[in-house]
Structure formats: C-alpha cells, structure tokens
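In: I'll drop the sequence and a predicted model, then ask my questions.
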Amino acid sequence: MESILQRIVSLPIGTKLVCAVLGILFVHAMFRVLERTLPRHFRERDARYRVRKFVVYAGYAVVILLVTVLFEDRLGRISFALGVAGAGVVVALQDVIASFAGWFAIGLSNLYTIGHRIQIGEMKGDVIDISIMRTTVMETGSWVSGDLYNGRVLRIPNSYVLRGPIFNYSQGFRFVWDEIKVSLTANSDQHLAKETLLRVAKEKVAGYLAEAETSWKRVADNYRLENPPLEPTVSLVVSGGALEFTLSYIVDYASRTAMKDLLFTQIVEEVTQSKGRLAWSASPTGGHIQALTADASPSSSEAFRIVRR
C-alpha cells in the first residue's frame, strides 16, 4: 500500500492533474448514480432524503481524499500560498463563509430541519432541503390567501440565520392563536351572539385542545412560561354603531385557512337560522363579515412563536 502511494506521489504534476480530473468525473458519475438509485430502496420519505444527502456528502469526502492523495507532496506549498492570500480570500468569499457558518449553526443549534415551517424576514414556507450554502423553502402566502403554497421555491442563503430572528412554527409548540372578527348590527342579541360563537369555536377546535395542552406542557418545561387559556374566547367592542365580536382560538399552524372556512361556514348558518335575532352589519367596504388574519397583524394573532438567533 505504501509503495502504491509513493508511486502516486512521484508522478509528474501534469499526470496528477489529468488523474485528478478523470477521478473527479468518475466519482461524480458514480455517486450521481447512487444518489438516484439508492434512495429507492427506502419507503419513508425522510429516510430517502437522508440517504440522498449522505451520498452527496460522501461524494465530496471521496473527492477531497483523492485530491489529498494526489497532491500530498504539494500541500505544504499550497497552504503557504493560501496563508499569504488569506485576507483577500476572506474578503472575496465572505458571503460563502457566512453561509457555511450559517449551515453549521442550523445543525448545531437545531434552528430548524426538513419539514419545519419557518419565517426569515418576509420569507415564509416549509423547509424542503438544507445544503451547505442554501436552505430551500416551498413558499406559502404572498399573493395567495392564508398559508397555502403559492408554488414558488425559495432558496435562502444560510447566512440569513446569522442576521436576524428565525420564526419556527413547527418546533416545540406547533399551534398558533388566530382570530376572526364578526360584525353584527347594534340590534342583534349580543348574548346569543357570544354563545353562538363560543359554541361553534369549541366544536371546531375540540380536536386540537388535548394535543395543544400536552404540547404546551412540554414547552413550559424548557421555558419560563405562564399557562394561557387554550379554550376559545369572545370579546366585544362597539365600532361604527355596530357590534364587533372577536373570536380567538387555537389552531394547528397548517390548518389556519381551513379552520377559518369551517368557522365562517357554520357562523353564516347560525345567523341565518337565528330568526332575525342576529343580523349582519355592513362593513365600510360593502362586505358583511370581516376576518383578521395573522398575516395582517402578526403581533396580536401569532401570540407565541419560538424565536432563535
């Protein structure tokens, strides 16, 4: 084995360069085939993803090993040259270095992982890939309402995680407090309205409460938090001569849009069947029902998010 290594080291530089190029092409082709075929033997999507990433990183490691073996006798000179030009390299590659540091921070600090819904600045969506340089996200929102996918894929440099807060919707407590506003005429029965809204909300979010309570207890074990009310609540204000009810409730972050539809559908039926005791108040824009989404007022609707730096 040592004799083979010595022969490789003693090859002319031109031969080494040719061997390096051919070797890199061969390794790339071989691991490309493995990347496409090996994950097919795993049924779980998460396992397929991890196997694919392992093959990619293993390919990088083989290429580095190949280059190291071929140019072992010249590594000292190369390191000296890089040391002299180090300052210039750092300045020229500062974004690349910052992205690599961000990738390291993502893994070390467990900021997020594949499948988590995150928000970095104005960019929000589900993480579908994390590479050394970039995090790939399937975007939600923007020109579509609620938290639906809009079909646009975001590639965010990992350096962004070092510049500001990261909102993680999936880590720890995966529920958010959301609310809708219902505007009724001043002649409407306020007691019936409150009772109706609470009943409808409790029926629709009942499936979330037990899981939300368990999830909150796990979060409270790691953070200094009070125990907030998880049951739906209704508050009333008078606005423009109308009764404006705000219905607050807890919901899974991925089901906000669907929950609003369920609530409004049932509320419309209840108002219709109230025999005139409840009546819609026309909004300034000519509509009848007003909804406040968490996107419009993140400070009040998204009452709790885990934020890491």
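Out: Sure, I can see it.

In: In the chain, which helix is the longest?
Out: Secondary structure of the chain per DSSP state H: the longest helix is helix 190-222.

In: packing partners for it?
Out: strand 175-185, strand 233-239, strand 242-252, helix 256-272 (3 or more Cβ pairs under 8 Å, 6 or more residues apart in numbering; DSSP states H and E). The way it works is simple: take the backbone N, C-alpha and C, and place the C-beta from them, glycine included.

In: Please point out which parts of that helix sit buried.
Out: Across helix 190-222, burial judged by 16 or more other Cβ atoms under 10 Å covers 190, 193-194, 196-198, 200-201, 204-205, 208-209, 212, 215-216.

In: got it, and stretch 140-157?
Out: Judged by neighbour count using 16+ other Cβ under 10 Å, the buried positions of stretch 140-157 are 140, 141, 142, 146, 147, 154, 156, 157.

In: Low-confidence ranges, the stretch 101-250 of the chain, go.
Out: For the stretch 101-250 of the chain, applying pLDDT under 70 flags the ranges 221-225.

In: ranges for the strands of this structure?
Out: Assigned by DSSP state E, the chain shows strands spanning 117-120, 123-130, 134-140, 149-157, 166-168, 175-185, 233-239, 242-252, 306-308.

In: and the fifth one, what does it pack onto?
Out: In this structure, strand 166-168 makes packing contacts with strand 117-120, strand 306-308, judged by 3+ Cβ pairs under 8 Å, 6+ apart.

In: Return the list of strands paired to it, each annotated with direction.
Out: Strands that pair with strand 166-168, judged by DSSP bridges, come out as strand 117-120 (antiparallel), strand 306-308 (antiparallel).

In: if we can go back for a sec, compare the helices and strands packed on helix 190-222 and give me the one nearest residue 65.
Out: Counting by Cβ to Cβ, residue 65 lies closest to strand 242-252 out of these; the figure is 46.1 Å.

In: Among the helices and strands packed on helix 190-222, which comes closest to residue 59?
Out: Residue 59 lies closest to strand 242-252 among those, at 38.4 Å (Cβ to Cβ).

In: Domains in the protein, by residue range?
Out: For the chain, automatic domain parsing gives the domain ranges 2-92, 99-168, 175-304.

In: Need the max-distance pair from the buried residues of stretch 140-157.
Out: Farthest-apart pair in the buried residues of stretch 140-157 is 146 and 157; separation 27.2 Å (Cβ to Cβ).

In: got the strands of the chain as TSV, with distance to residue 29 columns?
Out: Formatted as TSV, those follow (distance: least, Cβ to Cβ, whole Å):
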stretch	distance to residue 29
strand 117-120	35
strand 123-130	22
strand 134-140	24
strand 149-157	25
strand 166-168	37
strand 175-185	47
strand 233-239	61
strand 242-252	44
strand 306-308	40
